[in-house]
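> I'll drop the sequence and a predicted model, then ask my questions.
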Amino acid sequence: MATIELGKGFDEYLKKLESLEKKDTVPMLKSSLYDGAGYVADAIRQEIEAFPGGKKASNGPTDKDIADLKQGLGISPMEFKNDDVSVKIGFAGYGHVTKKYPKGVPIPMTARAIIAGTSFRPKDDFVGRAVRKARKRSISIMDEKINEELERKMNNG
């Protein structure tokens, strides 16, 4: 049967890990999650800025739609539920005023109309495209941040 010999510093390392477990590690998780979500939100913003614009919705989003999407894009407050830290990236608020929408066109509705298309507008899944492009880098950003925080906490005791 094989035996494993642990180094002299193993007990000390294990105690540090246990002390981290006892402490509140949620802020560390939230910080790394926010960095990753920020990267994905920036990728979505770049997709919005890449739209050609114009005055007709039949060619894609209008200049007003693009301005509304930029204004309404955001990251929700982070939540901690059932041992999960979560965040949502999406659209909120109201955009330009029209006759049908005197308080402003709901920006989430504009985003859905662009993503799914309408009878007069071609579909363009700009959010899905941005998320697919940003996924791997976002994960590595979160990984780097959490490892950096863990190393800092382990070295400072």
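Done, it's in. Numbers count the residues shown, from 1 in each chain.

> Figure out the helix or strand that the most centrally placed residue in the chain lives in.
Central residue of the chain (CA atoms, centre = their mean): A37, 2.4 Å from the mean position. Counting by DSSP states H and E, the element that carries A37 is helix 26-49.

> Check which element follows that helix along the chain.
helix 63-72.

> picking up where we left off before, quick check: angle from the helix holding A37 to helix 63-72?
Angle of helix 26-49 versus helix 63-72, following axes from the mean of the first three to the mean of the last three CA atoms, to 10 degrees, is 170 degrees.

> Helix 26-49: which residues count as buried?
The neighbour-count check on helix 26-49 (16 or more other CB atoms under 10 Å) flags 28-30, 32-34, 36-37, 39-41, 43-44, 47-48 as buried. From N, CA and C alone the C-beta is placed, and that goes for glycine too.

> and if you look at stretch 118-137?
Buried-residue list, stretch 118-137, by 16+ other CB under 10 Å: R121, D124, F126, V127, A130, V131, A134.

> was I right about the fourth one contacting I44?
Yes: checked against CB atoms under 8 Å, the pair V127 and I44 is within contact range at 5.8 Å.

> K133 and V40 touch, don't they?
No: counting by CB under 8 Å, V40 is not a contact partner of K133; they are 9.3 Å apart.

> is it fair to say V85 lies in a strand?
Yes: with DSSP: H, G, I helix; E, B strand; the rest coil as the criterion, V85 is assigned to a strand.

> how close does the nearest residue to it once chain neighbours are set aside get to E149?
Closest residue to V85 apart from its sequence neighbours, by CB to CB, 6 or more residues apart in numbering: L29 at 4.6 Å. Distance, L29 to E149, using CB to CB, to the nearest Å: 9 Å.
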